[in-house]
Each structure stands twice: as C-alpha cells, then as structure tokens.
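*Asks:* return a 3D structure for these sequence lines:
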Amino acid sequence: MKDYIVRATAAGSQIRAFAAVTRETVETARQAHNTSPVATAALGRLLTAGAMMGVMMKGDKDILTLQIQGDGPLQGITVTADSCGRVKGYVGNPEVIIPANAKGKLDVAGAIGNGILNVIKDMGLKEPYSGQVALQTSEIAEDLTYYFAVSEQVPSAVGLGVLMNKDNTVRQAGGFIIQVMPFAEEKTIAKLEENVQKIQSVTTLLEEGHTPESLLDKVLDGFDIEITDTVPTEFYCNCSKERVEKALISIGRKDLNEMIQEGIPAELNCHFCNTNYVFSVEELKKILKKCK
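*Replies:* Residues are numbered from 1 along each chain as shown. As a prediction, the model looks like this:
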C-alpha cells in the first residue's frame, strides 16, 4: 500500500481529523540516513506528524518546519513538510544506540532527552509563524498534543507509531491527529476522549491491517465521518546541484578563491537526504565568475 493521508470531518464538523500510513516514507528516510532503530523510530514519528501538519496548510508554497532540540544522544530532529504531502528530515546522530525502555520498547524519549519543540510555518508572510513549547514526555505524540493545546489553543489528540522488523527495516509507520473545533459540544468532547483512551498503540492497529480510513473509524467510533481529501505522502527532497551551486555563490569570492587555491574538489552534503554534491576545481572557477 502506497503511503497516503486522509483528511476528514466528523460530528457535523465539530471535529477535524487526519490519519496517515507512512511506512515507505520512513523506510526511505532510514535508507538515506542509515539510521539506527531508535533513530528511525524518532525520525519516523516526526516525519509522520510533519506530513499530516503540512497538509493542514492552505498555500501551495507554505512550508512547515518541526524541530526537536533535546539534550539526549540523538542530538535533535529536524523535519520540513509542504502542503502537498512531501516531507523530509534528519537527526543529529543517526547511529545512536541505547537500551530499550522499561516496557522493552525502543527508547525514543531517552534518545531525545529533555528540551524544546519548535514549530515554524512559513506562509509567505513577512514573518513566519513560530511556536515553541517544552517537551513533556519526549515521545513526540504527547509533545505535539501539548503544543496544539498551548500554542494554537486547539484541543487535539495525536497518535504516532513506528514498528521495526528484526533486520532493522521499517515494518509499520503511521498516525493520526484529531482536533476539536471551538464550537464543539461537551458531549462530543467527552465521547472523543473516551474513544482516544481506548486506543491501543498505533503500531498495533497498523499491524492489524488498518488503513488511514479505518484508523479514523476506530478513533471516531460513534461519530458520522466525512472523508474530505486523500493526499499521497512521500519522503521528498528538492535539493539539486543547481541549488547547491547557489549556496556556493552565496559564500562569496574570498572563500571560493581559497577553495580553488587548495586545488581539491569541494564536497557539500544535503542534511535532509544525505546526498553529496562534488564540485571540481574547474566548476568552482566557473562559479567564481558568477560571484559579484
């Protein structure tokens, strides 16, 4: 099954909901960065959340950035997403290996540590919207639930999960975001809270074969649900040699000259997809001519 996100409303538009399966997206990220299982789980959760939050934005050129800065050995996570379901990201230390947590699961919270979550939305205005909250559990889903409540004043339930195979490839990945509108009735909120408390882990549901649609059926049990949109999602990086060349031009003549004098090719790496771009000395000389 290809990765995709569904967008829905329920209870006469008192609730808006998003659900996604992201196994291929997270596996692509794992391969690009050669992440350890716990790093894959952490990055995969944030990629899944980023993909769903990205499609919440309206404009074609809107960009969402999620940053987790923690004092744990993972050394932080950065994810960016657009409004079309494309998402990319990386962790500070992809090779981190730590013991399992008390439940015998991958210790995402231990890898992240204490810190902050930044949410930045660039919607083409003079200043991007930026919200920041302290990490509550460092398990990511609860931290985003807290962010929505505190920074956006939108009561939400966020569920995220990544399950690994024995060979460290991604077995399951996905999640949901359920949000209550300001005009929601008390009985709607109470029923939703009751439903969310009954939910087992997201990965358990995915292992049972649930799709984004049936995930929402589970979380929104007892409500009328209207699926309003289905959006494919993928790990996608828009870097290219041309874009990297623009970055080289921006460093200025002095630094470029020094690189040319050294007489060795310049190698630049894209953090998001881990692609290396090599520029020969001859190419650097041509770039130098384009500098002001």
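
*Asks:* and the contacts of stretch 58-65?
*Replies:* 50, 53-54, 57, 78-84, 118-124 (Cβ atoms under 8 Å, 6 or more residues apart in numbering). Any C-beta I mention is one placed from the backbone N, CA and C, and that applies to glycine too.

*Asks:* and for stretch 38-46?
*Replies:* 22, 25-26, 29-30, 33, 35, 66, 68, 74, 77, 79, 89-91, 93-98, 106-108, 111-112, 140-141, 160-162, 164, 168, 170, 173, 175.

*Asks:* against the centre of this protein, work out the most remote residue.
*Replies:* Ranked by distance from the centre of the chain (Cα atoms, centre = their mean), the top residue is residue 261, with 40.7 Å.

*Asks:* now do the buried residues in the helix or strand hosting it.
*Replies:* Per DSSP states H and E: residue 261 is located in helix 253-262. Of all the residues in helix 253-262, those buried under the rule 16 or more other Cβ atoms under 10 Å are 256, 259, 260.

*Asks:* touching, the first one and residue 281? I think so.
*Replies:* No. Residue 256 is beyond contact range of residue 281, at 10.9 Å (criterion: Cβ atoms under 8 Å).

*Asks:* low-confidence ranges in the chain?
*Replies:* Scanning the chain for pLDDT under 70 picks out 292.

*Asks:* quick check: phi and psi on the residue lying closest to residue 168 once chain neighbours are set aside?
*Replies:* Nearest non-adjacent residue to residue 168, counting by Cβ to Cβ, 6 or more residues apart in numbering: residue 37, 5.4 Å away. Main-chain dihedrals, residue 37, degrees, to the nearest 10: phi -60, psi -40.

*Asks:* ok, residue 37 - contacts?
*Replies:* Taking Cβ under 8 Å, 6+ apart, we find residue 37 in contact with 106, 164, 168.

*Asks:* is the spatially most central residue of the chain in a helix, a strand, or coil?
*Replies:* For the chain, the residue nearest the mean C-alpha position is residue 47 (2.3 Å; Cα atoms, centre = their mean). Secondary structure state of residue 47, per DSSP: H, G, I helix; E, B strand; the rest coil, is helix.

*Asks:* list the contacts of it.
*Replies:* Shown here is residue 47, whose contacts under the criterion Cβ under 8 Å, 6+ apart are 22, 25, 26, 29, 79, 87, 88, 89, 235.

*Asks:* in stretch 187-205, what counts as buried?
*Replies:* For stretch 187-205, by 16+ other Cβ under 10 Å, it's 188, 191, 192, 195, 196, 199, 202, 203, 205.

*Asks:* element containing the fourth one?
*Replies:* Under the criterion DSSP H and E, the helix or strand holding residue 195 is helix 186-198.

*Asks:* put the alpha carbons of the helix or strand that that helix is followed by into CSV.
*Replies:* Toward the C-terminal end, the helix or strand that comes next after helix 186-198 (DSSP H and E) is helix 202-207. Taking Å, rounded to 0.1, in the frame of the first residue of the first chain, the C-alpha atoms of helix 202-207 are listed here in CSV:
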residue,chain,number,x,y,z
VAL,A,202,-0.9,3.0,16.6
THR,A,203,1.5,0.3,15.5
THR,A,204,-0.8,-2.4,17.0
LEU,A,205,-3.6,-1.1,14.8
LEU,A,206,-1.4,-0.9,11.7
GLU,A,207,-0.3,-4.5,12.4
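
*Asks:* distance between helix 202-207 and the chain's centre?
*Replies:* 19 Å (Cα atoms, centre = their mean, to the nearest Å).

*Asks:* from the middle of its chain, how far away would the helix or strand just after it be?
*Replies:* Using DSSP H and E, the helix or strand that follows helix 202-207 in sequence is helix 212-219. Put simply, helix 212-219 sits 20 Å off its chain's centre (Cα atoms, centre = their mean).

*Asks:* perfect, that will be all.
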